[in-house]
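Colleague: predicted model, plus sequence, below.
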Amino acid sequence: MRAHLKSTSPCLLQSPPLQDLNSAPQAQGVTSRSKPGPSSESSTMTRNVCITAIDGQTGFLIAELLLKESKFTKQINSITGLALHPSIPKCKELESLGAKIVPHHPGRERQMVKTLQEVGCDTICVIPPAHEDKVDITIELCEAAKKAGVQNVLLISAAGCDYAERHKQPRLREFIDIENIVLSSKGDPSVDLGHSPCVIRAGFYAENLLLYTQQAQLNGILPLPIGHNHKFAPVALGDIAHVAACVLAGKGKHGFDDRHRGQMMIVTGPMLCAGKELAEAASQAVGQKMEFENISEREAKRILKAQADIDDSEKEYLLEYYSLVREGKTNYVVTTAFHDVTGEQPTQPSEFFRMYSQELRPKKKAKTDNFT
């Protein structure tokens with residue numbers, strides 16, 4: 001069953017086909033004829049998962065799937081969430097479902113090592129947080145996981161990071177630095193963390209388009225600084241969560257399921273869209289005319305500053321990704337990993353917009369001047 005998970009706010013985090021990062025012969029690519037599922041010899045293995053940045057939308061949705069979907073819950077022994085903001089409602093909700101929430105205090109590596117050992121963590125899902133010091137925090141988490149003897153590591157990275165130029169798109173490019181930290185453990189036989197790695201390069205989250213609901217409701221427009229000529233393939237956050245849950249719950253004799261272990265999975269949406277095509281998909285979903293408006297980067301910054309309740313580093317990421325679109329570096333679709341891992345098809349743009357039709361539907365103009 002597809003993970004149709006509707007997030008409550010936009011969240012962020014987008015290249016070539018599957019690349020095998022594991023030289024071991026048993027680490028084969030997933031095939032549609034061999035759907036994910038634990039082998040009988042691995043079904044009794046423990047799986048104590050720790051999810052970082054669980055207070056963010058990505059971490060929350062992955063944890064929610066693992067805690068609610070029976071095909072995942074029966075493979076998971078425990079879920080621990082590391083939260084920079086442990087008191088927010090999302091964390092309380094996950095606690096009610098059975099997760100253990102642990103406050104994350106960056107700069108205390110020794111304490112993090114102790115925490116991972118105390119909860120018996122054997123699998124960590126590393127989600128770089130929406131934070132100015134994203135790279136430093138993530139490096140510290142990886143070092144703590146090494147010292148704690150964690151065996152399986154799933155990194156949620158960003159598709160497009162390999163096309164980003166450090167002087168032009170530094171927030172995107174920093175995901176390459178994070179990937180290097182995670183994957184460098186593979187060459188160190190003394191480190192358990194490198195034994196069973198997997199990386200998901202998540203595409204541009206379609207939920208980011210909801211940052212422009214004000215313009216959609218008031219004027220029936222979708223304003224994006226992406227130009228008119230190039231395209232990109234937004235992916236639903238629920239689809240990324242679905243792939244991640246399959247990887248985290250999958251088991252093999254070496255850790256992760258051998259069909260996932262060592263894989264670089266790029267996951268975009270299923271349809272390349274220019275701005276006009278996005279507006280057409282939105283129009284079909286809401287039942288009213290929506291139009292695309294190509295705006296300048298200056299205006300995009302102004303809109304994000306006024307309307308987006310997200311970290312400044314994530315605003316910078318968004319603007320950098322839009323610049324990749326304008327440069328023609330996002331004209332590709334990669335859905336093979338999603339289909340091979342989940343056995344399903346990713347969410348179409350029209351389907352995504354239908355899920356959020358109430359938020360996007362233009363409001364009817366008042367008949368009097370009493371309201372604006």
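Modeller: Nice, thanks for sending it over.
Colleague: contacts and neighbour counts: CA atoms only from here.
Modeller: OK.
Colleague: quick one: the strands in the stretch 1-150 of the chain, in order.
Modeller: 19-20, 48-51, 78-83, 100-103, 123-126 (DSSP state E, counting those that start in this stretch).
Colleague: so which elements touch the fourth one?
Modeller: The reference is to strand 100-103. Counting contacts by 3 or more C-alpha pairs under 8 Å, 6 or more residues apart in numbering; DSSP states H and E, strand 100-103 packs against strand 78-83, helix 89-97.
Colleague: out of the ones you listed, which one sits most buried?
Modeller: strand 78-83 (a mean of 24; mean count of other C-alpha atoms under 10 Å).
Colleague: which stretches of this protein have low pLDDT?
Modeller: 1-44, 187, 363-372 (pLDDT under 70).
Colleague: so what touches stretch 308-315?
Modeller: Leu12, Ala130, His131, Glu132, Arg171, Leu211, Lys301, Leu304 (C-alpha atoms under 8 Å, 6 or more residues apart in numbering).
Colleague: if we go to 7 Å?
Modeller: Here stretch 308-315 makes contact (C-alpha atoms under 7 Å, 6 or more residues apart in numbering) with Leu12, Ala130, His131, Glu132, Leu211, Leu304.
Colleague: nearest to Ala274, of those?
Modeller: Nearest to Ala274 among the contacts of stretch 308-315, counting by C-alpha to C-alpha, is Leu211 at 17.6 Å.
Colleague: about what we covered before: could I get the helices and strands packed on strand 100-103 as TSV with distance to Leu319?
Modeller: Listed next are these as TSV, based on distance: least, C-alpha to C-alpha, whole Å:
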stretch	distance to Leu319
strand 78-83	26
helix 89-97	27
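Colleague: what's the closest of the ones you listed to Asn48?
Modeller: strand 78-83 (4.8 Å).
Colleague: helices or strands next to that closest one in the packing?
Modeller: strand 48-51, strand 100-103 (3 or more C-alpha pairs under 7 Å, 6 or more residues apart in numbering; DSSP states H and E).
Colleague: quick one: closest of these to Gln358.
Modeller: strand 48-51 (31.3 Å).
Colleague: tell me the strands beside that closest one, with direction?
Modeller: strand 78-83 (parallel), strand 123-126 (parallel) (DSSP bridges).
Colleague: may I see the buried residues of it?
Modeller: Using 16 or more other C-alpha atoms under 10 Å as the test for burial, strand 48-51 gives Asn48, Val49, Cys50, Ile51.
Colleague: ok, now stretch 270-280?
Modeller: Pro270, Met271, Leu272, Cys273, Ala274, Gly275, Lys276, Glu277, Leu278, Ala279, Glu280.
Colleague: identify the residues contacting that stretch?
Modeller: Against stretch 270-280 from outside (C-alpha under 7 Å, 6+ apart): 222, 228, 230-233, 290-292, 331-333, 335, 346, 348.
Colleague: quick one: end-to-end distance for it.
Modeller: 16 Å (C-alpha to C-alpha, to the nearest Å).
Colleague: now the helices for the protein?
Modeller: 57-68, 70-73, 89-97, 109-118, 134-147, 170-183, 213-219, 237-249, 275-286, 297-307, 312-326, 336-342, 349-355, 357-360 (DSSP state H).
Colleague: Arg259: which of those is closest?
Modeller: helix 336-342 (8.3 Å).
Colleague: counting contacts, what elements does that closest one pack onto?
Modeller: helix 237-249, strand 263-267.
Colleague: now Gly149, nearest residue through space, not along the chain?
Modeller: Distances taken as C-alpha to C-alpha, 6 or more residues apart in numbering place Asp192 nearest to Gly149, at 5.7 Å, with adjacent residues excluded.
Colleague: number of residues surrounding that neighbour?
Modeller: When neighbours are counted by other C-alpha atoms under 10 Å, Asp192 registers 20.
Colleague: kindly list the main-chain dihedrals of the residue lying closest to Ile295 once chain neighbours are set aside?
Modeller: In space, and not counting its chain neighbours, Ile295 is closest to Pro225: 4.7 Å by C-alpha to C-alpha, 6+ apart. Main-chain dihedrals, Pro225, degrees, to the nearest 10: phi -90, psi 60.
Colleague: now do the same contact list for the nearest residue to Ser185 once chain neighbours are set aside.
Modeller: Excluding its sequence neighbours, the residue lying closest to Ser185 (C-alpha to C-alpha, 6+ apart) is Gly194, at 4.4 Å. Contacts for Gly194 (C-alpha under 7 Å, 6+ apart) come out as Leu183, Ser185, Lys186.
Colleague: nearest to Gly120, out of the residues you listed: which one, please.
Modeller: Distances from Gly120 to those, taken by C-alpha to C-alpha, are shortest for Ser185, at 20.3 Å.
Colleague: quick check, the closest one in contact with Pro197.
Modeller: No - look at Ser185 against Pro197 with C-alpha atoms under 7 Å: they stay out of range, at 9.0 Å.
Colleague: and these two? which has more neighbours close in?
Modeller: Pro197 (26 against 20).
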